[in-house]
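Enquirer: give me the fold of what follows.
(2 chains)
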Amino acid sequence: GAGVSQSPRYKVAKRGQDVALRCDPISGHVSLFWYQQALGQGPEFLTYFQNEAQLDKSGLPSDRFFAERPEGSVSTLKIQRTQQEDSAVYLCAASGSVTDTQYFGPGTRLTVL
Amino acid sequence: AQSVAQPEDQVNVAEGNPLTVKCTYSVSGNPYLFWYVQYPNRGLQFLLKYITGDNLVKGSYGFEAEFNKSQTSFHLKKPSALVSDSALYFCARPHGNNRLAFGKGNQVVVIP
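Expert: Here you go, the predicted model:
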């Protein structure tokens, strides 16, 4: 595709619900990143995939967060038993290498009530 | 240690005046540097990057940035600001496995 797409754009969840956020990256971009952006802050790294391999998940804040990219293209970020502090914008980005530009999707704004 | 720092919270500038958004970087690691812009309820849009070569980098929407090794800075500039340039600007740098480490962001307000 021409760009990175994410769905849903907005998600409201009740505390304790599970949510799944989808990222559809640019075709051919082997690297995929998830970031979390709290209100008024810069994005913070969550996890990184190269093709289907999750090479770095050091930024995931707890074991309630889980990400997968089974076929090396679409990725899903899952948050189990959501808490209010999970409310944020979740951004997905794709790139080719460390010097290549990361192209971001529009994000999913998650609000946990 | 923070990879990049954006010392100002908000930058106010009159339309038509030069715009500068400041970014400094820590000396350790490679000096690859990026600028992104974020409009309300939108994802980050790439503006420009410095990898190597010319210190003056030209990017999208008339923006440019100068890599200054002696001052460890990579300030974003635009000669004549537009009201539509009002947005949140982020400086960033690769850290570890390609992931980007972002500054806190600068809110730019262009006053008509």
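
Enquirer: which residue, neighbours along the chain excluded, lies closest to the most centrally placed residue in chain A?
Expert: The central residue of chain A, meaning the one whose C-alpha is nearest the mean C-alpha position (CA atoms, centre = their mean), is A:Trp34 at 3.5 Å. Ranked by CB to CB, 6 or more residues apart in numbering or on different chains and with sequence neighbours excluded, the top spatial neighbour of A:Trp34 is A:Leu46, at 4.2 Å. Where you see a C-beta, it was placed from the backbone N, CA and C, and this is true even at glycine.

Enquirer: now do B:Val109
Expert: Nearest to B:Val109 is B:Asn12, by CB to CB, 6+ apart, at 4.9 Å.

Enquirer: where does the prediction get shaky in chain A?
Expert: Regions of chain A meeting the criterion pLDDT under 70 cover residues A:1-2, A:97-99.

Enquirer: residues contacting the residue of it found nearest chain B?
Expert: Going by CB to the nearest CB, chain B is nearest to A:Gly42 of chain A, at 3.5 Å. For A:Gly42, the residues meeting the contact criterion (CB atoms under 8 Å, 6 or more residues apart in numbering or on different chains) are B:Phe90, B:Ala92, B:Phe102, B:Gly103, B:Lys104, B:Gly105.

Enquirer: leaving out chain neighbours, which residue sits closest to it?
Expert: Beyond its immediate neighbours in the sequence, the residue positioned closest to A:Gly42 (CB to CB, 6+ apart) is B:Phe102, lying 3.5 Å away.

Enquirer: what separation do you get for that neighbour and B:Gly59?
Expert: In this view, B:Phe102 and B:Gly59 are 17 Å apart by CB to CB, to the nearest Å.

Enquirer: before we move on, what about B:Val83?
Expert: With distances defined as CB to CB, the gap from B:Val83 to B:Gly59 amounts to 19 Å.

Enquirer: ok, those two, which is more surrounded?
Expert: Neighbours around B:Val83 and B:Gly59, counted as other CB atoms under 10 Å in any protein chain shown, are more numerous at B:Gly59. The numbers are 17 against 11.
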